[in-house]
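[1] Sequence isn't available, so here's the structure alone:
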Ligand code: 13P
């Protein structure tokens, strides 16, 4: 039996944007997605713009979130932002374990698991990113890498914690490269992830949204979203271009 999962398209602006551009982008997205009722949409903005994002999106169906969160509640952690602070700005989502954070800021699976739990404890929905590098794919250890990243969360937070979360499969070699995974390549890994979760709890697996991320564009979104285990997308570059992002939202809503 096919589980009914609604689709989610989330933009990850990364370190892009500014007050003027954000205003134009968000206004366009609000208008461009107003008629789309079936799928869910969100944007993950840089911390300083969460207030602006909240102001512009609060009366719309579009949700918002952050791109990172501290694993700690409060204290002497200069430069860090807690999950409770994100809740103060109306965030629903927060990205955890993006490959850029793992690679450039030394976040290991243990730290990612702590961030995942801190987010959930505050009532946020973590978007947990997993994915292999090109070297790892070529060494045919994609499943091993993704399994390790996923298992770290399951062991630390428990299988039921996945109910209030979203997963994102983001092959590192497809991020910002224009080199999208083929729908078949992505589907294979999505199915692997769902099977691995199902081994713990089939119901949790059936309800789990697994997004694909990595060079998703208006021109390839539809074929990716047509795959049975791809439940939407986590969009980088194309989420900064209103027409592209809206077209991707439309593809998810079909
Ligand atoms: P691109 O869509 O720019 O490849 O980025 C994907 C990504 O990292 C989303 O989190």
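    Nice, thanks for sending it over. None of these values were measured; they are calculated from a predicted model. Numbering: from 1, shown residues only.

[2] correct me, but residue 51 touches residue 89?
    Yes: using C-beta atoms under 8 Å, residue 51 and residue 89 qualify as a contacting pair, with a distance of 5.9 Å. Placement of C-beta: from N, CA and C, glycine included.

[3] so residue 129 touches residue 170, yeah?
    Yes: the pair residue 129 / residue 170 is scored as a contact, 5.1 Å apart, by C-beta under 8 Å.

[4] Now the common contact residues for those two.
    98, 99, 213, 234 (C-beta atoms under 8 Å, 6 or more residues apart in numbering).

[5] Present the residues you listed as a markdown table; the columns should include distance to residue 185, neighbour count and pLDDT.
    Written out in a markdown table, the entries for the shared contacts of residue 129 and residue 170 read as follows (distance: C-beta to C-beta, whole Å; neighbours: other C-beta atoms under 10 Å; pLDDT from 0 to 100):
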| residue | distance to residue 185 | neighbour count | pLDDT |
| --- | --- | --- | --- |
| 98 | 20 | 27 | 98 |
| 99 | 17 | 22 | 98 |
| 213 | 13 | 27 | 98 |
| 234 | 16 | 27 | 98 |
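
[6] residues near the nearest residue to residue 103 once chain neighbours are set aside, how many?
    Distances taken as C-beta to C-beta, 6 or more residues apart in numbering place residue 172 nearest to residue 103, at 7.5 Å, with adjacent residues excluded. Summarising burial for residue 172: neighbours were counted as other C-beta atoms under 10 Å, giving 21.

[7] correct me, but residue 172 touches residue 132?
    Yes: the criterion here is C-beta under 8 Å, and residue 172 meets it with residue 132 at 6.5 Å.

[8] show me where the stretch 1-150 of the chain has helices.
    Residue ranges of the helices in the stretch 1-150 of the chain, as given by DSSP state H, counting those that start in this stretch, are 19-33, 50-57, 83-88, 99-104, 109-121, 134-138, 142-157.

[9] Any idea how many residues pack against residue 90?
    Residue neighbour count, defined by other C-beta under 10 Å, stands at 16 for residue 90.

[10] Tell me how far it lies from the ligand.
    According to C-beta to the nearest ligand atom, to the nearest Å, residue 90 stands 21 Å off from the ligand.

[11] Can you give me the distance of the nearest residue to that residue once chain neighbours are set aside to residue 211?
    What sits nearest to residue 90 in space, not counting adjacent residues and going by C-beta to C-beta, 6+ apart, is residue 54, at 4.4 Å. Residue 54 sits at a distance of 23 Å from residue 211 (criterion: C-beta to C-beta, to the nearest Å).

[12] more crowded one of those two?
    Legend: neighbour count by other C-beta under 10 Å for residue 54 and residue 211, higher for residue 211 (26 against 15).

[13] Sheet partners, orientation included, of the helix or strand harbouring that one?
    Taking DSSP states H and E as the criterion, residue 211 maps to strand 209-213. Here strand 209-213 is paired, per DSSP bridges, with strand 166-169 (parallel), strand 232-235 (parallel).

[14] any idea how far the last one is from the chain center?
    When you say that, I think you mean strand 232-235. Centre-to-centre, strand 232-235 and its host chain are 7 Å apart (C-alpha atoms, centre = their mean, to the nearest Å).

[15] Past it, which element shows up next along the chain?
    On the C-terminal side of strand 232-235, the closest following helix or strand by DSSP H and E is helix 242-253.

[16] Ramachandran angles for the residue of the stretch 151-254 of the chain found nearest the ligand?
    At 2.2 Å from the ligand, residue 236 is the closest residue in the stretch 151-254 of the chain, using C-beta to the nearest ligand atom. Listed backbone geometry of residue 236 is phi -90, psi -100, with angles given as degrees, to the nearest 10.
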